[in-house]
Each structure stands twice: as structure tokens, then as C-alpha cells.
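Asks: just coords:
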Ligand code: IMP
């Protein structure tokens, strides 16, 4: 049976929610493998809107197993609230349909405090984080001082883990002029929340191995986008996890051979939230129009997203680093009515032409895009369900993107509604 990984191929917010939901109907298991509640996935099902942050998108479908893998960082208080909110919308969430890997590191209140304190410093450039403690929690994981889900089950272990973390964090907080952490209060809060998390704890790697043996289909749900990857993104203006498709394997505990299809989600133009380089960013009416028509405001922080033309150089690069088999192109309808459209086909740097984004930060900031201009279309593409319903210029635009990024379109999404999707290749086909 085919297993599919869905990843963002730009800076996140490519419209993964709809595509993941569309695919999750056909999957048996939906697994998150990185990131945390910095993500925001919006699902619209039968007229009801669900806003998910930490929960996998499969959770709104009662007959699917949703899994939070060890590659995720988990804020237990946020998760409990999110579960309550989604339950309040009539969704059933039980240990039968939600499992959390026992080795998942926790985001604790002091992680968020540190994240926000760092972002408030005036002497260094801000990253523009979501302020949810993602970076500090991943630092503690790699620094071997994280508190993990399984630690909540044993009080002596929990205390020892807290002490290890506090030695580090109190020294850091003192340097930043922050109060030391209240150990007693933190332990009390953790003891109180522990049973609400432990009821979902499971050896996820084992459960997934059994599911695979039973021929079940697994959908791996990525968060953020490849250009925010800790290794291959626009460092340091990135998130703190590996976002690329390869992370799906270690983020839940399966072998890389279990992945049959990588679907890259690509928006028909480009957006970014937070700071950092963005070669095709527009500061003019066209940029404003993209933002307004595309409703480009963050689901998690409500921040206005920066907007720009489609950058084929970047997407070709991210399709390579994630091994994308096919893309889902989203929000084509936002381009309806533009007289002309531009696509970035290369960069110029110091008189040289480049066909990739260089790694050095100063060069990333200095590249200027080389554009190809295409004719726009005046007709509406919103809601199209077949190629025949698309204007010729829109088809040309999509075909040109395929050529430039060297990757085929598997799905074309023409509105937020799940039915408004043109299927070219079924990622789950055996
Ligand atoms: P962090 O993940 O909160 O540490 O934020 C680091 C960078 O990633 C910032 O530029 C955020 O705006 C960006 N980011 C984090 N999560 C998302 C997301 O789900 N969509 C888009 N950008 C994100």
C-alpha cells in the first residue's frame, strides 16, 4: 500500500490543510512528524471550519487514527485546550483515534518565555517567530535536557528531568534579567496535566509498523515549508525543525523505504511570514492585491503575510531537497484578473546568473530575480474541476511552472472547498 508524505515547498501557508484533508479521507493513519503548535491548518468540512495547530488533520474524521510523532514538540496545556475546542465542535477524540509518541519532547512555559524574551532583544535581528517556544524546546531536545511524554509517568524521573533543565534555564534567565523558574509550581502544573496527556501516550513506531503490516495507508502531514527547514531554509530565519520529507521517517520511527510518494504543496505565487530574505517580494499594488485576494493573514498569529511573484528557482530547489514526486498547486484563482504575471526563472548576483538560492545569508539578501512575463487571464478559475474549465492562459501558466520546477502537477486546487480539485495523479495509487 502507498504511504504519502505531504510537505510545504515554499515558506509555509501553501494551503496544506485542504490537501491533507482531501487525502486523509483516503488514508487510514495521519501522522504529524515535526513542528508544533506554530502550525495552523484550516479545514472546512461540510460547512464547518476547524482550526488545528498541534492536532493532525485526520482527527476530525472519527474512523482515522491520528498520530503525533516524536519529531514534534508538544505543549501539553495547548493540546488539552485544542482537544476541548475541537470536541466542542462535535468531534470525538479518544485514545483509540489519537496517539502521542512516548518520546515526544514537551514545550514548557519557560520555552515560550525565552522565545519571546529573545525576540524582544533590540541588539540582534529578530527572527519573527510565532513566540510559542518552538526553538527553545528543540534546543532542549538536542541538549538532552527535554522533558518527554514518558517522563510524566514517573514522579522521580520527572523531578530529575526538571532539575537538569532548570540548571541550564535559570542561568540563561539570569543573564537575560528574568526571574528564576518556580520549580514547585512547574512540577504541580505538570503533575496536574500528566494524566490528560498520558492517556494518549503510545509506542507510535510500533503501532505504525503494525499498521503497515496490516496494509494500512499512512499519510505523513508536514507543517511549515521547506524554506523554513533548519538545514536547508533561509537560516537563521527558519523554524527549528527539519521540515523536508526525509524527516517523516525519523519523526515517527519508520524506515525511509516506507515512503512511496512525496507531495509538495506549492502556492501559485509566494508568501512568507516573519523576517528573512524573500527575493520576489512585492511592495507595490500587485503585492497588496495578492495579499487581499489570497486572504494572506497567519492562522496562528494573525500577522499579515508578505507576498510576491512565483519563484520557480526556489521551488525547483525544494522539490529536489524533499524528493517531491508531484506537486499540489494551490490558490491559482488568486491570480485571476491580473493582466500580466511574472515568474522568477533565475537570480542575478554580482553580474552572474544563478539557478539556485546560495547559502550565504548576505548573498540570499542580495540576489535580484530575473523574471519571465506571462499573459494573465480575465476569466475566473475559482471552482474549476477539470482542465477544460480553465482559460488557456491559466493552463499555460501551470505548464510553465511544471517545466521550470522540473516536477509534474499531481493536483490542482481551485478554491478552499475540497471538491474544487483537479486530480492528475493519485498519490495513493499503488
Ligand atoms: P517558530 O517556528 O515559531 O520558531 O518561527 C520561526 C519562523 O517560522 C518564523 O518566520 C515564523 O513566522 C515561521 N513559521 C513557523 N510556523 C509557521 C507556519 O506554520 N507557517 C508559516 N510560517 C511559519
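Replies: Thanks, I have the structure now. Treat the numbers as computed from the prediction; the structure is a model and nothing was measured. Residues are numbered from 1 along each chain as shown.
Asks: in whichever strand or helix holds residue 83, which residues are buried?
Replies: Assigned by DSSP states H and E, residue 83 falls within helix 76-88. For helix 76-88, burial by neighbour count (16 or more other CB atoms under 10 Å) applies to 76-79, 82-83, 86. C-betas here are computed from N, CA, C, even on glycine.
Asks: please apply the same query to stretch 351-359.
Replies: Residues of stretch 351-359 classed as buried under the neighbour-count rule (16+ other CB under 10 Å) are residue 357.
Asks: and the residue of the chain nearest the ligand?
Replies: Among the residues of the chain, residue 274 lies nearest to the ligand; the distance is 2.3 Å by CB to the nearest ligand atom.
Asks: pLDDT below threshold where in the stretch 1-150 of the chain?
Replies: Within the stretch 1-150 of the chain, the segments meeting pLDDT under 70 span 1.
Asks: and the helices in it?
Replies: Taking DSSP state H, counting those that start in this stretch as the criterion, the stretch 1-150 of the chain carries its helices at 16-24, 76-88, 109-119, 134-142.
Asks: give me the contacts around the last one.
Replies: Right, helix 134-142. Helix 134-142 is touched from outside by 35-36, 38, 73, 105-108, 110-112, 114-115, 127, 129, 146, 165, 168, 239-241, with contacts defined as CB atoms under 8 Å, 6 or more residues apart in numbering.
Asks: can we see that at 6 Å?
Replies: Helix 134-142 is contacted by residues 36, 38, 73, 105, 107, 111, 114-115, 146, 240 when judged by CB atoms under 6 Å, 6 or more residues apart in numbering.
Asks: now swap in the first one and tell me
Replies: Counting by CB under 6 Å, 6+ apart, the neighbours of helix 16-24 from elsewhere in the structure are 6, 8, 30, 41-43, 57-58, 219, 221, 265, 328, 416, 418.
Asks: give the burial count for the residue of the chain closest to the ligand, as a bare number.
Replies: Applying the criterion other CB atoms under 10 Å, we find 20 residues in the vicinity of residue 274.
Asks: surely it is in a strand?
Replies: No: applying DSSP: H, G, I helix; E, B strand; the rest coil, one finds residue 274 to be coil, outside a strand.
Asks: picking up where we left off before, near the ligand, list only the ones from the contacts of helix 134-142.
Replies: Restricting the contacts of helix 134-142 to those near the ligand by CB under 6 Å from any ligand atom leaves 38, 240.
Asks: out of the contacts of helix 134-142, who's the most crowded?
Replies: Of all the contacts of helix 134-142, the highest neighbour tally under other CB under 10 Å goes to residue 36, namely 31 neighbours.
Asks: so which helix or strand takes in residue 343?
Replies: Since the elements are taken from DSSP H and E, residue 343 ends up inside strand 340-349.
Asks: direction included, what does that strand pair against?
Replies: When sheet partners are counted by DSSP bridges, strand 340-349 sits next to strand 310-311 (parallel), strand 352-354 (antiparallel), strand 368-375 (antiparallel).
Asks: now intersect the contacts of helix 16-24 with the strands, please.
Replies: The strands in this structure, assigned by DSSP state E, contain 6, 8, 30, 41-43, 219, 221, 265, 328 from the contacts of helix 16-24.
Asks: of these, which are in range of the ligand?
Replies: With CB under 6 Å from any ligand atom as the criterion, the ones in strands among the contacts of helix 16-24 include none near the ligand.
Asks: who wins for most neighbours among the contacts of helix 16-24?
Replies: The member of these that has the most neighbours, counting by other CB under 10 Å, is residue 221 with 32 neighbours.
Asks: identify the residues contacting that one.
Replies: Residues in contact with residue 221, defined by CB under 6 Å, 6+ apart, are 6, 20, 30, 32, 56-57.
Asks: now the residues you listed in CSV, with distance to residue 410?
Replies: Listed next are those as CSV, based on distance: CB to CB, whole Å:
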residue, distance to residue 410
6, 11
20, 14
30, 18
32, 22
56, 21
57, 18
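Asks: what is the neighbour count of the closest residue to the residue of the chain closest to the ligand other than its chain neighbours?
Replies: In space, residue 274 comes closest to residue 128 once its chain neighbours are excluded; the distance is 2.9 Å by CB to CB, 6 or more residues apart in numbering. The number of residues packed near residue 128 is 15, by other CB under 10 Å.
Asks: go on, residue 183?
Replies: Neighbours around residue 183, by other CB under 10 Å: 14.
Asks: that one: what's it in contact with?
Replies: For residue 183, the contact set (CB under 6 Å, 6+ apart) is empty.
Asks: around the ligand, pick out the residues from the protein.
Replies: 12-13, 38-40, 127-130, 132, 134-135, 223-224, 228, 237, 239-240, 273-274.
Asks: just the buried residues out of the residues you listed, in PyMOL syntax.
Replies: Entered in PyMOL, the line below selects the buried ones among those, by 16+ other CB under 10 Å:
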select buried, resi 12+13+38+39+40+127+129+130+132+134+135+223+224+228+237+239+240+273+274
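Asks: so which of the residues of the chain next to the ligand are in strands?
Replies: Where the residues of the chain next to the ligand are compared with strands, as defined by DSSP E, there is no overlap at all.
Asks: can you pull the contacts of residue 199?
Replies: Listed by CB under 6 Å, 6+ apart, the contact set of residue 199 reads residue 95.
Asks: so what pLDDT did it get?
Replies: Taken from the predicted model, the pLDDT recorded for residue 199 is 98.
Asks: widest-spaced pair of the ones in strands among the contacts of helix 16-24?
Replies: Put simply, by CB to CB the two of these set farthest apart are 42 and 219, 17.4 Å from each other.
Asks: find the nearest non-adjacent residue to residue 64, please.
Replies: Excluding the flanking residues, the one nearest residue 64 by CB to CB, 6+ apart is residue 58, at 4.1 Å.
Asks: what sits against that neighbour?
Replies: The neighbourhood of residue 58, defined by CB under 6 Å, 6+ apart, consists of 24, 30, 64, 66.
Asks: mind listing the helices for the stretch 251-400 of the chain?
Replies: Residue ranges of the helices in the stretch 251-400 of the chain, as given by DSSP H, counting those that start in this stretch, are 285-293, 312-321, 361-366, 392-405.
Asks: okay if I get those as JSON lines plus mean neighbour count, mean pLDDT and distance to residue 205?
Replies: Conversion of those to JSON lines gives the following (neighbours: other CB atoms under 10 Å; pLDDT from 0 to 100; distance: least, CB to CB, whole Å):
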{"stretch": "helix 285-293", "mean neighbour count": "16", "mean pLDDT": "96", "distance to residue 205": "42"}
{"stretch": "helix 312-321", "mean neighbour count": "23", "mean pLDDT": "98", "distance to residue 205": "25"}
{"stretch": "helix 361-366", "mean neighbour count": "14", "mean pLDDT": "96", "distance to residue 205": "37"}
{"stretch": "helix 392-405", "mean neighbour count": "17", "mean pLDDT": "98", "distance to residue 205": "33"}
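Asks: I am finished for the moment; much appreciated.
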